[in-house]
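A.B. asks: predicted model, plus sequence, below.
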Amino acid sequence: MQGALYMLSPPQTRIGGFLRRIAHVHLPKTAGNSVHAAFLEQLGADRCALFVTEPANHPEAAFVSAHAPAAWFARVWPDAFKFTFFREPVAQLVSHIRWIDHYNEAEFAHEKAGFPQDVRDQMAIIGAADFSNPASLDQMFRSLSGIGITLLCDNQTRGLLPKQIPGRLDPTAASVATDYALLTLDFFGFVETLEEDLPALMSVLGLQPPATIQRDNAAMATRRIDIANPEIAEVLGREVVVDTLLYRGLWAAKRATQAQRATSAT
């Protein structure tokens, strides 16, 4: 184990010289804008490909980022340096709900129309919910199906599963995802410690730390969800049980690595 957090790549690997492609497994609402800004600052827009859907269109990109599972990156770019950031699950879920909900506002109707019908159906379910009412939020989750469940429920775990599982996840998926993350990722960090972890990532890659770390909130929705309300927090927590197990497991891996490094240094 090398690096500042948890890194499996050989320490002699230098990304600044573009010997390996850098691949960002962009989990939803996990400081993606901050990560993108850091690499754009260091590498320039011509070497960065963001929100990639067609890998063949970016053969020369040194940095690629996509809303895709780690297994997709392992298949498309098996030799890339792969990393991701995780976020406290309830906070991540709230941010993602609000991001999806902004498409229900009149000024974004033209953008909403560009989504497939099954996605628009799930957006409508979210739009009909009263975010201030725990029972209404609970009914919203009960009404989701198909892509709605995949988008919102335990989506950080889904991003680290070797094979995608439709529908709601069993808690055992957390250990599978944790093991796969430690096997396939060269580095991971946390949104909650971004000011420490993002510079550490850049250092591992032989790049300069960002001059400033953007902490912008990209949520455009006007409706808010009060997670200080214990009943609302309970409803939300039930939808990210597996993500919470994953999050705790990865934090434990980070602490174990730090403890091992501290012991080795004494």
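C.D. replies: On my side now, so go ahead.

A.B. asks: buried ones in the worst-scoring helix or strand of the chain on mean pLDDT?
C.D. replies: For the chain, counting by mean pLDDT, DSSP states H and E, helix 241-265 ranks last in confidence among helices and strands (a mean of 84). Judged by neighbour count using 16 or more other C-beta atoms under 10 Å, the buried positions of helix 241-265 are 241-247, 249-250, 253-254, 257. Quick note: C-beta positions are derived from backbone N, CA and C, even for glycine.

A.B. asks: report the beta-bridge partners for residue 188.
C.D. replies: Applying DSSP bridges to residue 188 yields these beta-bridge partners: residue 84.

A.B. asks: burial of it, as a residue count?
C.D. replies: Neighbourhood size, residue 188 [other C-beta atoms under 10 Å]: 22.

A.B. asks: that one is in contact with residue 181, isn't it?
C.D. replies: Yes - counting by C-beta atoms under 8 Å, residue 188 sits close enough to residue 181 to count as a contact (6.5 Å).

A.B. asks: what touches both of the two?
C.D. replies: 84, 250 (C-beta atoms under 8 Å, 6 or more residues apart in numbering).

A.B. asks: picking up where we left off before, report all helices and strands that the least confident helix or strand of the chain contacts.
C.D. replies: With contacts taken as 3 or more C-beta pairs under 8 Å, 6 or more residues apart in numbering; DSSP states H and E, helix 241-265 sits against strand 81-86, helix 89-101, helix 155-158, helix 172-184, strand 187-190.

A.B. asks: most tightly packed of the ones you listed?
C.D. replies: The highest mean neighbour count among the helices and strands packed on helix 241-265 belongs to helix 155-158 (a mean of 26), with neighbours defined as mean count of other C-beta atoms under 10 Å.
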